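Student: take this sequence and fold it.
(2 chains)
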Amino acid sequence: MNLSVSIGKLRMQNPVTVASGTFGYGAEYARLIDVNQLGAVTVKGIRLNPVPGNPTPRTAEVSSGMLNAIGLQGPGVDGFIKKYWPFLRELKVPTIINIWGTTVEEYAEVARRFDALGGVGALELNVSCPNIKEGGAQFGTDCKLLAQVVAACRQATTLPLITKMSPNVPNIAPLAKAAEEAGSDALAVTNSFPAMAIDIHTRKPKLANVTGGLTGPAIKPIAVKLVWEASKAVKIPIIGMGGIQCADDAIEFLMAGATAVAVGTANFYEPQTALHVIAGIRDFMARKNLTDVKEITGSFLPGK
Amino acid sequence: MLEQTVTIAAHERDAEAYFRLVLHAPAIAPLIQPGQFAHVRILPMKDALLRRPFSIFQVGRDTFSILYKNVGKGTDALSRMRVGEELSVIAPLGHGFTVPKPGGETPLLVAGGYGMAAMFLLAQRSPQKGIVFVGGRRRVDILCEQDFAAIGWEVRVATEDGSHGEKGFVTVPLIAEIRNSKFEIRNYKLFACGPTPMLKAVGKIAEDFNLPAELSMDEHMCCGVGTCLACVIKVKTGEGWEYQRTCTEGPVYDSRQILWEEAK
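Tutor: The predicted model follows:
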């Protein structure tokens, strides 16, 4: 039975990674699960310099999901390399580093730095964080800007590039095409959805940032649709994500057109989820007499 | 830390909305240090996904317990669970209290409401007996007085409505004790767990009397193991401050490290 997949030059032993921002820098969960069983580890978003992040409260639970507005708190490139890279470098599975910036030049510079580091599995371009005023999401909602960011990073590195697409667009197809044409090796679909919640007793927002990103099972059907739409628009592989809690959820994303999947919010409440998803995909393949997980990708039958 | 599915060994109402929950967790129990917490997934909750953090109250050979108040969706679902049912637990978590050394400082514990639960193990494991100061709104909010008395600790109570002990905040009898101490003041060390305004007040008292203090900080928590960066507070550094995770670097901090925010 073959579970391995390729995302550009990135080879994953199985199609399951974790969503950026839900798995820290890998070492935190290594105390609870064997991270070497994942397809890849995807780390929290990093820009050139350290970022303090937003005021608290930064998260709020909502029905079947949660809101977050962490504000991409992070150690910057140098801090990451010093503090977290020694652990990640020793893993048997590749690391996908999520990067972001406030300018096209910053994205490219961060890409260059990680290219020079050596040993990185792939770079994921975060052009879709809803919680950062400057940068982030603006690049993910405008075809021209998106193409500029991707092209600049393409120039800066030979590492596989995964563009993490914003869900906050009327039609994902032209953006997906723009990323593909500018040299992206893959797409990650999707990020969190802009949302908010109010404490009716204090009349205050539940997040200090007022608005945040909705994640968790609440967004899964919307994310599945976005994966389907993006997969019809491009030839490059897609990593599907949004509310995956179990293998059935992951298989749904694969059928919609994803080559791989990422477990996100579920890590926060059940750190074993990604490993359960891998085992469940294996069981599903055995039951359906499938020998290669790639047979599931795009096998959705939209007709009658 | 371990993630385990554990069984409810006992579950009783303590008073009004307060409950005592004992979990059979033989692998976790010996690892627990005072001031640490358990991150509990309440499996019957259907649409509320996140784990709930609880201070660890008492530890037995094969068990540990929590003392909680039914305040919302999670604790309401928990309060309906019965002996024999299962919970998923990640524990023990966090950086707890420093247990006083034999012949070292005399601990003064300060608790607000169910913050009292977080102090019991520290009292039990401290080689020196001290005094525990506990405050609450009403008589019913004063928890586990008997548990502390049973291990030979003196308990001083303050309630806001005066229905039990002194009338007022817990800081009133605390300051009185420090001022009227028959001991050398310098031998005292404060340990506190409770609402943030109380912790801030205890930090101020420590500063005023030049006493060391360890505070168990409370911030809205999500993953509990250091990945999500939800539960951060501002902690002083050489250059200024940084956000630190109360689930990992905390919840217990030396009071001098805390950069207090303006009241929210």
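Student: specify the local secondary structure of whichever residue of the stretch 101-250 of chain B sits closest to chain A.
Tutor: As assessed by C-beta to the nearest C-beta, chain A sits closest to B:Thr227 within the stretch 101-250 of chain B, at 3.4 Å. Using the backbone N, CA and C atoms, a C-beta is placed for each residue, glycine as well. Recorded secondary structure, B:Thr227: coil (DSSP: H, G, I helix; E, B strand; the rest coil).
Student: so it is in contact with A:Ala27, correct?
Tutor: No. Between B:Thr227 and A:Ala27 there is no contact, the gap being 9.5 Å when judged by C-beta atoms under 8 Å.
Student: please identify which of these two sits among more neighbours.
Tutor: B:Thr227 (25 against 19; other C-beta atoms under 10 Å in any protein chain shown).
Student: and the more buried one, how far from A:Val35?
Tutor: According to C-beta to C-beta, to the nearest Å, B:Thr227 stands 12 Å off from A:Val35.
Student: equivalent analysis for B:Val134, please.
Tutor: Using C-beta to C-beta, B:Val134 is found at 43 Å from A:Val35.
Student: of the two, which one has the most company?
Tutor: Legend: neighbour count by other C-beta under 10 Å for B:Val134 and A:Val35, higher for B:Val134 (28 against 24).
Student: so what sits opposite that one in the bridge?
Tutor: B:Ala111, B:Val157 (DSSP bridges).
Student: all helices for the stretch 151-264 of chain B, in order.
Tutor: Remark: helices assigned in the stretch 151-264 of chain B by DSSP state H, counting those that start in this stretch are B:171-179, B:196-208.
Student: can you pull out the low-pLDDT segments for chain A?
Tutor: A:130-137, A:304 (pLDDT under 70).
Student: overlap in contacts, B:Thr227 and A:Val35.
Tutor: Common contacts of B:Thr227 and A:Val35 (C-beta atoms under 8 Å, 6 or more residues apart in numbering or on different chains): A:Tyr29.
Student: make JSON lines out of the helices of the stretch 151-264 of chain B and add mean pLDDT, distance to A:Ile172 and mean neighbour count.
Tutor: Shown next, in JSON lines, are these (pLDDT from 0 to 100; distance: least, C-beta to C-beta, whole Å; neighbours: other C-beta atoms under 10 Å in any protein chain shown):
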{"stretch": "helix B:171-179", "mean pLDDT": "92", "distance to A:Ile172": "57", "mean neighbour count": "17"}
{"stretch": "helix B:196-208", "mean pLDDT": "96", "distance to A:Ile172": "43", "mean neighbour count": "18"}
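Student: residues near residue 128, how many?
Tutor: Just so you know, I chose chain A. By other C-beta under 10 Å, 27 other residues sit near A:Ser128.
Student: my question was about chain B, not that one.
Tutor: By other C-beta under 10 Å, 14 other residues sit near B:Gln128.
Student: please apply the same query to the one 10 residues further on.
Tutor: Close neighbours of B:Arg138, defined as other C-beta under 10 Å, add up to 13.
Student: so who does A:Glu180 touch?
Tutor: A:Leu187, A:Val234, A:Lys235, A:Ile236.
Student: what about it, distance to A:Ala230?
Tutor: With distances taken as C-beta to C-beta, A:Glu180 is found 10 Å from A:Ala230.
Student: contacting residues for the closest residue to chain B within the stretch 151-300 of chain A?
Tutor: Going by C-beta to the nearest C-beta, chain B is nearest to A:Phe268 of the stretch 151-300 of chain A, at 4.2 Å. Each residue near A:Phe268 by C-beta under 8 Å, 6+ apart is listed here: A:Thr22, A:Met66, B:Leu49, B:Leu50, B:Arg51, B:Cys222, B:Cys223, B:Thr227, B:Cys228.
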